[in-house]
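**Student:** starting from these lines, generate the structure:
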Amino acid sequence: MSHHHDHKHPVLSGKNLKISIFLNILITISQVIGGLISGSLALLSDALHNFTDVVSLIISFWANKMASKSASFSKTFGYKRAEIIAAFVNAASLMVISVLLIKESIDRFINPQSIDSTIVIVLAAVAILGNGFSVLLMKKDSKANMNMKSAYLHLLTDMLASVAVLLGGLLMRFYGFYWIDSLLTAGIAVYLIVMGYDLLKSSFNILMLFTPESIRTEELVKTACSFPEIKNMHHVHIWSLNETEIHLEAHLDFHHDISLSSFNEILEELKVLLNQKYGINHFNLQPEFNKNDTKEIIVQD
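**Tutor:** A predicted model of the protein is given here:
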(Lines give C-alpha, C1' and ligand atoms only; values in the text may rest on other atoms or scores of the structure.)
Protein backbone atom coordinates (compact mmCIF):
# COMPACT_ATOMS: atom_id res chain seq x y z
CA MET A 1 0.00 0.00 0.00
CA SER A 2 1.37 3.42 -0.86
CA HIS A 3 1.31 6.49 1.33
CA HIS A 4 2.27 9.98 0.21
CA HIS A 5 2.43 13.20 2.20
CA ASP A 6 2.82 16.71 0.82
CA HIS A 7 1.16 19.20 3.09
CA LYS A 8 1.88 21.83 5.73
CA HIS A 9 -0.34 23.60 8.21
CA PRO A 10 0.08 27.36 8.28
CA VAL A 11 1.20 28.35 11.78
CA LEU A 12 -0.38 31.69 12.65
CA SER A 13 0.57 34.06 15.43
CA GLY A 14 -1.90 34.15 18.32
CA LYS A 15 -0.92 37.73 19.26
CA ASN A 16 -3.64 39.37 17.14
CA LEU A 17 -6.26 36.99 18.51
CA LYS A 18 -5.23 37.78 22.10
CA ILE A 19 -5.53 41.54 21.47
CA SER A 20 -8.96 41.06 19.85
CA ILE A 21 -10.18 38.93 22.77
CA PHE A 22 -9.08 41.56 25.29
CA LEU A 23 -10.72 44.40 23.35
CA ASN A 24 -14.01 42.50 23.00
CA ILE A 25 -14.13 41.73 26.73
CA LEU A 26 -13.79 45.46 27.48
CA ILE A 27 -16.45 46.34 24.87
CA THR A 28 -18.88 43.73 26.25
CA ILE A 29 -18.54 44.93 29.85
CA SER A 30 -18.96 48.60 28.88
CA GLN A 31 -22.03 47.86 26.73
CA VAL A 32 -23.73 45.80 29.46
CA ILE A 33 -23.24 48.61 31.98
CA GLY A 34 -24.28 51.26 29.44
CA GLY A 35 -27.31 49.27 28.33
CA LEU A 36 -28.55 48.85 31.92
CA ILE A 37 -28.04 52.55 32.72
CA SER A 38 -29.59 53.90 29.49
CA GLY A 39 -32.34 51.29 29.22
CA SER A 40 -31.19 50.49 25.67
CA LEU A 41 -32.11 47.00 24.50
CA ALA A 42 -30.02 47.63 21.38
CA LEU A 43 -26.86 48.12 23.47
CA LEU A 44 -27.57 44.97 25.50
CA SER A 45 -28.14 43.08 22.26
CA ASP A 46 -24.84 44.35 20.89
CA ALA A 47 -23.20 43.33 24.17
CA LEU A 48 -24.55 39.80 23.70
CA HIS A 49 -23.16 39.79 20.17
CA ASN A 50 -19.77 40.94 21.49
CA PHE A 51 -19.83 38.24 24.16
CA THR A 52 -20.32 35.57 21.48
CA ASP A 53 -17.35 37.15 19.69
CA VAL A 54 -15.24 36.65 22.80
CA VAL A 55 -16.26 32.99 22.97
CA SER A 56 -15.64 32.45 19.23
CA LEU A 57 -12.23 34.14 19.40
CA ILE A 58 -11.20 31.99 22.36
CA ILE A 59 -12.30 28.89 20.41
CA SER A 60 -10.34 30.08 17.36
CA PHE A 61 -7.24 30.76 19.48
CA TRP A 62 -7.46 27.28 21.05
CA ALA A 63 -8.04 25.61 17.68
CA ASN A 64 -5.08 27.36 16.05
CA LYS A 65 -2.79 26.19 18.86
CA MET A 66 -4.15 22.64 18.78
CA ALA A 67 -3.84 22.33 14.98
CA SER A 68 -0.07 22.83 15.15
CA LYS A 69 0.43 19.95 17.62
CA SER A 70 2.29 16.90 16.37
CA ALA A 71 0.64 13.55 15.70
CA SER A 72 1.08 10.70 18.18
CA PHE A 73 0.41 6.97 18.47
CA SER A 74 -3.02 7.65 19.95
CA LYS A 75 -3.77 10.64 17.67
CA THR A 76 -2.30 9.71 14.29
CA PHE A 77 -3.79 12.77 12.56
CA GLY A 78 -2.91 15.09 15.43
CA TYR A 79 -5.43 17.90 15.92
CA LYS A 80 -5.66 18.94 12.29
CA ARG A 81 -9.45 19.20 12.39
CA ALA A 82 -9.58 21.47 15.43
CA GLU A 83 -9.83 24.57 13.25
CA ILE A 84 -12.59 23.05 11.10
CA ILE A 85 -14.61 22.28 14.24
CA ALA A 86 -14.03 25.85 15.44
CA ALA A 87 -15.15 27.25 12.09
CA PHE A 88 -18.33 25.13 12.20
CA VAL A 89 -19.17 26.17 15.79
CA ASN A 90 -18.53 29.84 15.01
CA ALA A 91 -20.58 29.76 11.80
CA ALA A 92 -23.45 27.97 13.53
CA SER A 93 -23.47 30.51 16.35
CA LEU A 94 -23.46 33.30 13.77
CA MET A 95 -26.63 31.86 12.23
CA VAL A 96 -28.37 31.49 15.61
CA ILE A 97 -27.48 35.07 16.58
CA SER A 98 -28.87 36.29 13.26
CA VAL A 99 -32.25 34.67 13.87
CA LEU A 100 -32.38 36.15 17.39
CA LEU A 101 -31.51 39.59 16.01
CA ILE A 102 -34.31 39.38 13.44
CA LYS A 103 -36.80 38.35 16.14
CA GLU A 104 -35.61 41.17 18.37
CA SER A 105 -35.81 43.74 15.55
CA ILE A 106 -39.44 42.74 14.85
CA ASP A 107 -40.35 43.09 18.54
CA ARG A 108 -38.69 46.49 18.75
CA PHE A 109 -40.37 47.67 15.54
CA ILE A 110 -43.77 46.81 16.99
CA ASN A 111 -42.94 48.29 20.38
CA PRO A 112 -40.39 51.14 19.96
CA GLN A 113 -38.87 52.44 23.20
CA SER A 114 -37.45 55.81 24.19
CA ILE A 115 -33.89 55.53 25.50
CA ASP A 116 -30.91 57.66 26.53
CA SER A 117 -29.38 58.14 23.09
CA THR A 118 -26.19 59.86 24.33
CA ILE A 119 -24.89 56.74 26.09
CA VAL A 120 -25.85 54.64 23.07
CA ILE A 121 -23.94 56.92 20.68
CA VAL A 122 -20.78 57.05 22.82
CA LEU A 123 -20.59 53.31 23.50
CA ALA A 124 -21.44 52.40 19.91
CA ALA A 125 -18.58 54.63 18.75
CA VAL A 126 -16.21 52.95 21.22
CA ALA A 127 -17.33 49.51 19.97
CA ILE A 128 -16.76 50.55 16.35
CA LEU A 129 -13.21 51.71 17.12
CA GLY A 130 -12.39 48.58 19.13
CA ASN A 131 -13.85 46.11 16.64
CA GLY A 132 -12.49 48.10 13.69
CA PHE A 133 -8.98 47.76 15.11
CA SER A 134 -9.54 44.02 15.65
CA VAL A 135 -10.79 43.63 12.06
CA LEU A 136 -7.62 45.25 10.73
CA LEU A 137 -5.50 42.94 12.90
CA MET A 138 -7.32 39.81 11.69
CA LYS A 139 -7.73 40.69 8.00
CA LYS A 140 -4.45 39.12 6.83
CA ASP A 141 -4.87 35.93 8.89
CA SER A 142 -8.48 35.56 7.68
CA LYS A 143 -7.15 34.50 4.27
CA ALA A 144 -5.18 31.61 5.77
CA ASN A 145 -7.98 29.22 6.79
CA MET A 146 -11.64 28.77 7.75
CA ASN A 147 -11.01 29.17 11.45
CA MET A 148 -9.43 32.62 11.12
CA LYS A 149 -12.03 33.61 8.54
CA SER A 150 -14.84 32.73 10.96
CA ALA A 151 -13.21 34.84 13.71
CA TYR A 152 -12.73 37.71 11.25
CA LEU A 153 -16.38 37.53 10.14
CA HIS A 154 -17.58 37.65 13.74
CA LEU A 155 -15.56 40.83 14.34
CA LEU A 156 -16.57 42.43 11.03
CA THR A 157 -20.27 41.80 11.51
CA ASP A 158 -20.11 43.00 15.10
CA MET A 159 -18.51 46.23 13.92
CA LEU A 160 -21.33 46.64 11.40
CA ALA A 161 -23.87 45.98 14.14
CA SER A 162 -22.25 48.73 16.22
CA VAL A 163 -22.47 51.07 13.22
CA ALA A 164 -26.21 50.33 13.06
CA VAL A 165 -26.55 51.05 16.78
CA LEU A 166 -24.65 54.35 16.33
CA LEU A 167 -26.82 55.42 13.38
CA GLY A 168 -29.91 54.43 15.32
CA GLY A 169 -28.72 56.47 18.30
CA LEU A 170 -28.12 59.56 16.16
CA LEU A 171 -31.51 59.30 14.43
CA MET A 172 -33.24 58.76 17.75
CA ARG A 173 -31.47 61.73 19.30
CA PHE A 174 -32.11 64.24 16.52
CA TYR A 175 -35.30 62.96 14.84
CA GLY A 176 -36.95 60.56 17.28
CA PHE A 177 -36.89 57.75 14.67
CA TYR A 178 -36.82 54.84 17.10
CA TRP A 179 -37.93 52.38 14.42
CA ILE A 180 -34.70 52.82 12.40
CA ASP A 181 -32.76 50.72 14.93
CA SER A 182 -35.00 47.74 14.19
CA LEU A 183 -34.65 48.13 10.44
CA LEU A 184 -30.84 48.30 10.56
CA THR A 185 -30.65 45.35 12.95
CA ALA A 186 -32.75 43.19 10.63
CA GLY A 187 -30.57 44.14 7.64
CA ILE A 188 -27.38 43.20 9.48
CA ALA A 189 -28.92 39.91 10.60
CA VAL A 190 -29.74 38.95 7.00
CA TYR A 191 -26.15 39.79 6.04
CA LEU A 192 -24.91 37.55 8.87
CA ILE A 193 -26.99 34.65 7.56
CA VAL A 194 -25.66 35.05 4.01
CA MET A 195 -22.03 35.26 5.16
CA GLY A 196 -22.32 32.49 7.73
CA TYR A 197 -24.07 29.97 5.48
CA ASP A 198 -21.11 29.40 3.11
CA LEU A 199 -18.73 28.92 6.03
CA LEU A 200 -21.15 26.57 7.77
CA LYS A 201 -21.62 24.51 4.60
CA SER A 202 -17.88 24.28 3.84
CA SER A 203 -16.90 23.23 7.37
CA PHE A 204 -19.82 20.77 7.56
CA ASN A 205 -18.75 19.11 4.29
CA ILE A 206 -15.22 18.58 5.59
CA LEU A 207 -16.40 17.20 8.93
CA MET A 208 -18.71 14.77 7.12
CA LEU A 209 -15.82 13.52 4.90
CA PHE A 210 -17.66 14.58 1.74
CA THR A 211 -15.73 14.58 -1.53
CA PRO A 212 -14.50 18.13 -2.31
CA GLU A 213 -16.88 19.87 -4.72
CA SER A 214 -14.02 20.54 -7.15
CA ILE A 215 -13.44 16.80 -7.70
CA ARG A 216 -15.62 14.53 -9.86
CA THR A 217 -15.01 10.96 -8.70
CA GLU A 218 -15.96 9.30 -11.99
CA GLU A 219 -13.62 11.60 -13.90
CA LEU A 220 -10.78 10.89 -11.47
CA VAL A 221 -11.24 7.13 -11.91
CA LYS A 222 -11.11 7.53 -15.71
CA THR A 223 -7.90 9.51 -15.35
CA ALA A 224 -6.31 6.72 -13.30
CA CYS A 225 -7.51 4.05 -15.73
CA SER A 226 -5.89 5.92 -18.62
CA PHE A 227 -2.66 4.20 -17.56
CA PRO A 228 -2.37 1.06 -19.75
CA GLU A 229 -1.29 -1.10 -16.81
CA ILE A 230 -4.32 -0.24 -14.67
CA LYS A 231 -7.47 -2.29 -15.26
CA ASN A 232 -9.73 -0.39 -12.90
CA MET A 233 -9.86 1.73 -9.74
CA HIS A 234 -12.48 0.77 -7.16
CA HIS A 235 -13.40 1.11 -3.49
CA VAL A 236 -12.68 4.82 -3.76
CA HIS A 237 -12.75 7.32 -0.87
CA ILE A 238 -11.90 11.00 -1.39
CA TRP A 239 -12.08 13.51 1.45
CA SER A 240 -10.53 16.64 2.92
CA LEU A 241 -8.88 16.22 6.30
CA ASN A 242 -8.68 20.00 6.61
CA GLU A 243 -8.22 22.91 4.21
CA THR A 244 -4.74 21.87 3.08
CA GLU A 245 -5.03 18.07 2.81
CA ILE A 246 -7.06 16.11 0.28
CA HIS A 247 -6.88 12.34 0.76
CA LEU A 248 -7.44 9.58 -1.78
CA GLU A 249 -7.89 5.97 -0.73
CA ALA A 250 -8.58 3.32 -3.39
CA HIS A 251 -7.83 -0.15 -4.75
CA LEU A 252 -5.95 -0.41 -8.07
CA ASP A 253 -6.61 -3.56 -10.14
CA PHE A 254 -3.81 -4.35 -12.62
CA HIS A 255 -3.99 -6.29 -15.90
CA HIS A 256 -0.84 -8.24 -15.08
CA ASP A 257 0.94 -9.53 -12.01
CA ILE A 258 3.54 -6.73 -12.03
CA SER A 259 6.55 -6.45 -9.73
CA LEU A 260 6.63 -4.15 -6.74
CA SER A 261 9.26 -1.95 -8.39
CA SER A 262 7.04 -1.57 -11.48
CA PHE A 263 4.11 -0.64 -9.26
CA ASN A 264 6.23 2.04 -7.56
CA GLU A 265 7.11 3.61 -10.91
CA ILE A 266 3.48 3.67 -12.08
CA LEU A 267 2.37 4.99 -8.70
CA GLU A 268 4.78 7.94 -8.77
CA GLU A 269 3.48 9.00 -12.19
CA LEU A 270 -0.12 8.58 -11.06
CA LYS A 271 0.42 10.65 -7.89
CA VAL A 272 1.98 13.50 -9.83
CA LEU A 273 -0.91 13.50 -12.33
CA LEU A 274 -3.66 13.40 -9.67
CA ASN A 275 -1.93 16.05 -7.60
CA GLN A 276 -1.65 18.43 -10.54
CA LYS A 277 -5.17 17.80 -11.83
CA TYR A 278 -7.15 17.47 -8.57
CA GLY A 279 -4.88 18.84 -5.82
CA ILE A 280 -4.73 15.49 -3.99
CA ASN A 281 -1.68 15.38 -1.73
CA HIS A 282 -2.18 12.28 0.41
CA PHE A 283 -2.44 8.84 -1.23
CA ASN A 284 -3.26 5.41 0.12
CA LEU A 285 -3.50 3.06 -2.88
CA GLN A 286 -3.76 -0.72 -2.64
CA PRO A 287 -2.51 -2.76 -5.67
CA GLU A 288 -4.44 -5.89 -6.69
CA PHE A 289 -4.33 -8.62 -9.33
CA ASN A 290 -7.19 -11.08 -9.90
CA LYS A 291 -8.53 -10.45 -6.41
CA ASN A 292 -12.08 -11.69 -5.87
CA ASP A 293 -13.77 -8.57 -4.51
CA THR A 294 -16.34 -6.03 -5.63
CA LYS A 295 -15.16 -3.73 -8.42
CA GLU A 296 -17.66 -0.96 -7.69
CA ILE A 297 -16.20 2.54 -7.55
CA ILE A 298 -18.10 3.36 -4.36
CA VAL A 299 -18.40 0.69 -1.68
CA GLN A 300 -20.26 1.34 1.57
CA ASP A 301 -17.87 0.22 4.32
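**Student:** identify the residues contacting the closest residue in space to residue 273 that isn't next to it in sequence.
**Tutor:** Nearest residue to residue 273 in three dimensions, chain neighbours excluded: residue 223, at 6.7 Å (Cβ to Cβ, 6 or more residues apart in numbering). Yep, even glycine has a C-beta here, placed from its N, CA and C like the rest. Going by Cβ atoms under 8 Å, 6 or more residues apart in numbering, residue 223 touches 273-274, 277.
**Student:** is it possible to mark the buried ones in those residues?
**Tutor:** Burial by neighbour count, judged by 16 or more other Cβ atoms under 10 Å, picks out residue 274 from the contacts of residue 223.
**Student:** tell me how far the residue nearest to residue 273 lies from residue 230.
**Tutor:** As for residue 223, its distance to residue 230 is 10 Å (criterion: Cβ to Cβ, to the nearest Å).
**Student:** what does residue 23 give?
**Tutor:** Residue 23 is 57 Å from residue 230, by Cβ to Cβ.
**Student:** before we move on, what about residue 121?
**Tutor:** Separation of residue 121 from residue 230 (Cβ to Cβ): 70 Å.
**Student:** same check, this time on residue 67
**Tutor:** Taken as Cβ to Cβ, the span from residue 67 to residue 230 is 36 Å.
**Student:** which helix or which strand is home to the nearest residue to residue 128 once chain neighbours are set aside?
**Tutor:** Counting by Cβ to Cβ, 6+ apart, residue 128 lies nearest to residue 162, which is 4.7 Å off, once chain neighbours are set aside. Under the criterion of DSSP states H and E, residue 162 resides in helix 146-175.
**Student:** sec struct for residue 34, please.
**Tutor:** Using DSSP: H, G, I helix; E, B strand; the rest coil, the three-state assignment for residue 34 comes out as helix.
**Student:** for it, give me its contacts.
**Tutor:** Neighbouring residues of residue 34 by Cβ under 8 Å, 6+ apart: 40, 43, 119-120, 122-123.
**Student:** that one and residue 243, how far apart?
**Tutor:** 39 Å.
**Student:** list of residues touching the helix or strand containing residue 271?
**Tutor:** Using DSSP H and E, the element containing residue 271 is helix 260-278. Helix 260-278 is contacted by residues 2, 4, 6, 214-215, 220, 223-224, 227, 229-230, 246, 248, 254, 258, 280-281, 283, 285, 287 when judged by Cβ under 8 Å, 6+ apart.
**Student:** for the stretch 51-200 of the chain, which spans come out with low pLDDT?
**Tutor:** Scanning the stretch 51-200 of the chain for pLDDT under 70 picks out the ranges 113, 144.
**Student:** please enumerate the helices of it.
**Tutor:** Along the stretch 51-200 of the chain, the stretches classed as helices by DSSP state H, counting those that start in this stretch are 82-110, 117-138, 146-175, 179-207.
**Student:** re earlier: of residue 67 and residue 230, which one has the most company?
**Tutor:** Taking neighbours as other Cβ atoms under 10 Å, residue 67 and residue 230 compare with residue 67 leading, 22 against 17.
**Student:** and this protein, split by domain according to the record?
**Tutor:** Using automatic domain parsing, the domain parsing of the chain gives 2-207, 217-288.
**Student:** isn't there a helix covering residue 233?
**Tutor:** No - per three-state DSSP, residue 233 lies outside any helix segment and is strand.
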